Every structure is written in C-alpha cells, then in structure tokens.
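Visitor: Sequence unavailable; structure follows:
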C-alpha cells in the first residue's frame, strides 16, 4: 500500500509541476516585453487609411480630368446630390443646360467644348491634405496643362482646392473650386489668379 501511495503522490506532483510550467509559459508569452525580446509577432491595431482613401479619390478625379472624361468627373466622383443648385452647376458643365431645361437652351460654359472649359491638366501634385471636420478633407492641388481661347493656346499653372467627403461609407469629391473664388466649380482658367504663358 505504501508503494502505491508513493506512486500516486509522484504522479500528482508531476502533473502539478507540468501545469505550473504551462501557466508560466503562457504568462511569459503574453507579456509584451517578453514577446518583443523573443521577436514574437504581436498583432497591431489596423492603420488608419483615411488619408490614402482621400488621395485615391483625388487621383481618380485628376486622371478622369486628364482623359476628358467629364461623365466620370461630374457624375461618378462627385458626391450624389438632389440639390437643385448643385445639379444645375453639374449639368451646365456637362452639357450646357440644367436637368429641367430644354436642350435648345444649351449655352456655355461646357467642359471641354467651350473655351472657358477647355483647360486640360497634363500633370498635378498635391500641396496639402487637411482634415477639415469629421468625414471632410480639404486638398490643395497644383495643376499644369494647356488652355485655348480666341487668342490661341496657353501654358497654364493653377491652384485648386478640392473638398472630399465621406458619404454612405465611400469618399467623393464634394467641391472643386478656385482658391480665391469658391462660388463655382473651378474648371475654367482665370487670367488673374492662374499663371498663363503663350504657346
């Protein structure tokens, strides 16, 4: 009986020792300091990709602008709206008349069709990207390209400000204006605020 009791005690002591060793190992592995020393990968919080998403919309807008794809610029990349004044602006640049006007009332400016809307950027770079309020960013852009009017062709460098907002989980362009005249879309060239040289 003494021998059997001794064997049982030995097994119990061995099991207790194994459990203690396992608990110690778990505690060591979950300790950040130990994990760092042992080069164990600790899962980090996901990186905030908001700025990248904003710049991606800017890139898509400028690519469509360069390709003269006004449908993508105005109706796919700009935030959906039912506001009458906003729709009037968009359709004016798109086809020359508003959503409730008769086609016979077509008049300039029309993007890529009339001199006021004929500027096409060949290159651009972002100067600043600034969060303005929750889900809204202001992006200042320097654009370079060509422009034609009744006096010929011009090399143009200009600054524009784009407002990018989050709408239904996706980022869109809310506005694209001149730096010193935010009342209208900034598609046209201004010979006062834009740097122009004859080609």
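Guide: Nice, thanks for sending it over. None of these values were measured; they are calculated from a predicted model.

Visitor: ok, and the closest non-adjacent residue to residue 156?
Guide: The shortest distance from residue 156 to any non-neighbouring residue, by C-beta to C-beta, 6 or more residues apart in numbering, is to residue 147 (4.8 Å). C-beta here means a position set from N, CA and C on the backbone, and glycine is covered the same way.

Visitor: isn't there a strand covering the one you found?
Guide: Yes. Assessed with DSSP: H, G, I helix; E, B strand; the rest coil, residue 147 lies in a strand.

Visitor: So in terms of bridging, what pairs with it?
Guide: When bridges are called by DSSP bridges, residue 147 pairs up with residue 154.

Visitor: Surely it and residue 198 touch.
Guide: No. Using C-beta atoms under 8 Å, residue 147 makes no contact with residue 198, being 10.5 Å away.

Visitor: which residues in the chain form helices?
Guide: Per DSSP state H, the chain carries helices over the ranges 2-29, 32-37, 50-66, 70-71, 84-95.

Visitor: Lowest average pLDDT across these?
Guide: When these are ranked by mean pLDDT, helix 32-37 comes last with a mean of 48.

Visitor: how much space between the residue nearest the centre of the chain and residue 124?
Guide: What sits nearest the mean C-alpha location of the chain, by C-alpha atoms, centre = their mean, is residue 54, with 1.3 Å. Separation of residue 54 from residue 124 (C-beta to C-beta, to the nearest Å): 15 Å.

Visitor: Kindly report the same for residue 59.
Guide: Applying C-beta to C-beta, the value for residue 59 to residue 124 is 9 Å.

Visitor: Please say which of these two ends up with more neighbours.
Guide: Each of residue 59 and residue 124 had its neighbours counted (other C-beta atoms under 10 Å), and the higher figure belongs to residue 124 (20 against 12).

Visitor: How about the more buried one, nearest residue that isn't a chain neighbour?
Guide: Distances taken as C-beta to C-beta, 6+ apart put residue 143 closest to residue 124, at 4.6 Å, once the chain neighbours are dropped.

Visitor: Am I right that the one you found is in contact with residue 155?
Guide: No. With contact defined as C-beta under 8 Å, residue 143 does not reach residue 155; the gap is 11.7 Å.

Visitor: Of the two, which one has the most company?
Guide: Neighbour tally, residue 143 and residue 155, criterion other C-beta under 10 Å: the higher count belongs to residue 143, 21 against 14.

Visitor: if I pick the more buried one, what's in contact with it?
Guide: When contacts are counted by C-beta atoms under 8 Å, 6 or more residues apart in numbering, residue 143 touches 62, 121, 123-124, 156-160.

Visitor: Tell me the one among these nearest to residue 137.
Guide: Sorting those by how near they are to residue 137, with C-beta to C-beta, puts residue 160 at the top with 14.3 Å.

Visitor: Can you give me the neighbour number for residue 83?
Guide: Using other C-beta under 10 Å, residue 83 is surrounded by 8 other residues.

Visitor: okay, it: pLDDT?
Guide: Reported pLDDT at residue 83 in the predicted model: 94.

Visitor: any idea how far it lies from residue 52?
Guide: In this structure, residue 83 lies at 29 Å from residue 52, with C-beta to C-beta as the measure.
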